[in-house]
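Chemist: Sequence first, then the predicted structure, then my questions.
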Amino acid sequence: MSRPLLVPLCCPKCGSDLDGGPHALIFLCLPCGLAIHASDPRRPYSLSFAAPLLRQAAPDLYAPFWKVEGSFTWSTQDPKKERVYANQRPLGTLFVPAFWSPKAAYYDNLTLRYALQGGPQRLDGAAGPVLDGARPPEVLGELARLTWLAYLDRAADVTGVEGRFQVEDLSYAAIPFYRDGARFLDGILGVPVPEAYFSG
Amino acid sequence: MTAPRALSCPLCGGALAPPAASRRLVCTYCGRALLYTGEEFMPRFMIPPKLAEADHQKACRLLFRNPMLPGDLGRRAVLLRHQRIYLPFYLLTGKRGGVIAVGKERMVTKLPVQSLSGGAGMGAQMSPARYETKRTDVIVEEDSRVVLGDFHYAYSASALENWDVLDTDLKDMVAAHLDEAVSTTMAELARDADVVDVDIPLDRIVDKGVGAGPSTQGDIKILEMRTALVYLPVAVFTFRYGGEILSAARDEVEGRWLMGQLPFRKDWAPLLALPIMAGLGFVGGNALALLSGVPGGEWAGSPQTVKVVLVAGGLLGLVLVMGLQAAWLILRTPYVARLTPSGLRVEAAGTPPKNPFGPLNTFAAFMVKAMVQGRRRERWIE
Ligand SMILES: [Zn+2]
Ligand SMILES: [Zn+2]
């Protein structure tokens, strides 16, 4: 039997209505701190707000990211590559944008920045309105694997290298951004992104 | 896939219309939040119009000054309607990624080995190895590239029949202005404009476009894809000029004329008559010169005056027949100046009326045949 066309959009914990804007596929229950993707309304993810590290003021907007934790393992027949990779500083937690951005590819790769320079430290920031999120959680494992492989490829070519990423925990993190003229600065590292980054 | 006409709330049973703006809707009866899971649902965006009225006026003035259009068009054309329409485009965005093998070519220069093992001093320098050319080899090294990135493609969502616009022109325009796109709803679009219906199914786009594109390049897979509709604003102007109704459309983002049909300047016909008259004068003059025996032209020395007069008369007749037909075609064929993104193009808007010079053509053809065959026979005798 096919899925009904209309399904109740309510929090699996408290039963109240979930929030989300016109482009959302991820809906939130702020009181319970839960995020739910439309593809599987019975599977909630924990929602948290990253506390800004650079400013005290309330942010102009919160952009949603998937916080992907897990372990990456690789295998290669080449001992030289093995050595090079082992000496690489491992990537930290991956924060993958969950919002839709028509031209995200052209902007700063925040995921890699956070993974190398340190992402949100404290996830106890004040709650606020969050941009619509849409990215399905199913793709995060492959995105994480490719992010790792791309990172290793910069140190030594990944030909013949097998990489596996085991997702251990997925959660939904709202990251604060501040308006700065015609652009925004993230509240964690102060990385500028153009306004259009959030135009979805 | 089409949207169902009516839905019922799973909580209270109330009848609801399928949502237009958002997958999340609130039941009008019980007030609870609901999620619409229909696959045909697509978020809508529009590229906001950027051109002001004054800009359109300036562009129209400039267009009407085109030498292919009647000189009084700018003065006599009356604007009847200035209307905005939105053209729909599918926007497919998402992430794709994978590891692809790319061979990396590397030039390796090999120095001659002997020069190192040769004797000392002068001897070594004079050894043949010293003069051996350095060998350069190209070594293809294994190399892989990790691809992880966003993609976005725009495709026309309506067939735009009656529109003489190249699909690619508009697609490129939409793609170039994506970062200006803002979220919108059908109601918002329809408030001040006509919205062109989507009539190309999305499945066809996905099969032919994205499916055939990046996913087949090596190991690069489409990891996720979202579809949306993006609307491009176009200004359509309707003018009255004499008894004719004219229209022209201009996009409101870059300000390019997209399509339109304008009258072609008829006074080109008399101008075209000039070379025809000149031809007639030339042939007629030569014939007269021959008849009166005044030397001039190549035929002057010929003693066979009668034959030459016949040939001249034949040519005169031919030029006349051609000139009459050219004038007929220009004056009677409904020519139009068609507006396209690459400029104005003159075209026949319909088939010309039946040519009244049919018998004359038959006669002219007979004459030409006779003259050509006559010359051939002469050569044959020679
Ligand atoms: Zn709740
Ligand atoms: Zn209801």
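Modeler: Received it, and whenever you're ready, just let me know what you need. Numbers count the residues shown, from 1 in each chain, chains lettered A, B, ... in the order given. Ligands and ions are numbered 1, 2, ... in the order given.
Chemist: Show me what from the stretch 1-150 of chain B comes close to ligand 2.
Modeler: Counting by C-beta under 5 Å from the ion, the stretch 1-150 of chain B comes close to ligand 2 at B:9, B:11, B:12, B:14, B:27, B:29, B:30. Where C-beta positions appear, they are placed from N, C-alpha and C, glycine not excepted.
Chemist: The first one: neighbour count?
Modeler: Around residue B:9 there are 19 other residues, counting by other C-beta atoms under 10 Å in any protein chain shown.
Chemist: So residue A:159 belongs to a helix, correct?
Modeler: No. Assignment of residue A:159 by DSSP: H, G, I helix; E, B strand; the rest coil gives coil, placing it outside any helix.
Chemist: where's it relative to ligand 1, distance?
Modeler: As for residue A:159, its distance to ligand 1 is 48 Å (criterion: C-beta to the ion, to the nearest Å).
Chemist: Could you check how far that residue is from residue A:74?
Modeler: Between residue A:159 and residue A:74 the distance, using C-beta to C-beta, to the nearest Å, works out to 13 Å.
Chemist: joint contacts of the two?
Modeler: The contact sets of residue A:159 and residue A:74 do not overlap (C-beta atoms under 8 Å, 6 or more residues apart in numbering or on different chains).
Chemist: before we move on, back to that, which members of the residues of the stretch 1-150 of chain B next to ligand 2 are classed as buried?
Modeler: Among these, those classed as buried by 16 or more other C-beta atoms under 10 Å in any protein chain shown are B:9, B:11, B:27.
Chemist: from the residues you listed, which ones fall inside strands?
Modeler: Judged by DSSP state E, the subset of these located in strands is empty.
Chemist: Using a markdown table, lay out those residues together with pLDDT and distance to residue A:151.
Modeler: As requested, those are exported to a markdown table (pLDDT from 0 to 100; distance: C-beta to C-beta, whole Å):
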| residue | pLDDT | distance to residue A:151 |
| --- | --- | --- |
| B:9 | 94 | 48 |
| B:11 | 94 | 47 |
| B:27 | 94 | 47 |
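Chemist: and of those, the nearest to ligand 1?
Modeler: Comparing these against ligand 1 with C-beta to the ion places residue B:11 closest, at 16.7 Å.
Chemist: ok now stretch A:33-45, how far from the chain's centre?
Modeler: For stretch A:33-45, the separation from the chain centroid amounts to 15 Å (computed by C-alpha atoms, centre = their mean, to the nearest Å).
Chemist: pLDDT on stretch A:64-80, on average?
Modeler: In this model, stretch A:64-80 carries a mean pLDDT of 94.
Chemist: By proximity to ligand 1, which residue of the stretch 251-382 of chain B wins?
Modeler: Counting by C-beta to the ion, the stretch 251-382 of chain B gets nearest to ligand 1 through residue B:253 (43.1 Å).
Chemist: can you tell me which helix in chain A is longest?
Modeler: In chain A, assigned by DSSP state H, the helix with the most residues is helix A:140-155.
Chemist: shouldn't residue A:98 be in contact with residue A:27?
Modeler: No. Contact between residue A:98 and residue A:27 fails when scored by C-beta atoms under 8 Å: they sit 12.0 Å apart.
Chemist: and the strand ranked longest in chain A, what does it pack onto?
Modeler: Selection of the longest strand in chain A by residue count, based on DSSP E, yields strand A:162-180. Secondary-structure packing of strand A:162-180 (3 or more C-beta pairs under 8 Å, 6 or more residues apart in numbering or on different chains; DSSP states H and E): strand A:44-49, strand A:61-75, helix A:140-155, strand A:183-186.
Chemist: Can you lay out the ones you listed as a markdown table showing mean neighbour count and distance to ligand 2?
Modeler: Output for the helices and strands packed on strand A:162-180, formatted as a markdown table (neighbours: other C-beta atoms under 10 Å in any protein chain shown; distance: least, C-beta to the ion, whole Å):
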| stretch | mean neighbour count | distance to ligand 2 |
| --- | --- | --- |
| strand A:44-49 | 20 | 23 |
| strand A:61-75 | 19 | 28 |
| helix A:140-155 | 20 | 34 |
| strand A:183-186 | 20 | 38 |
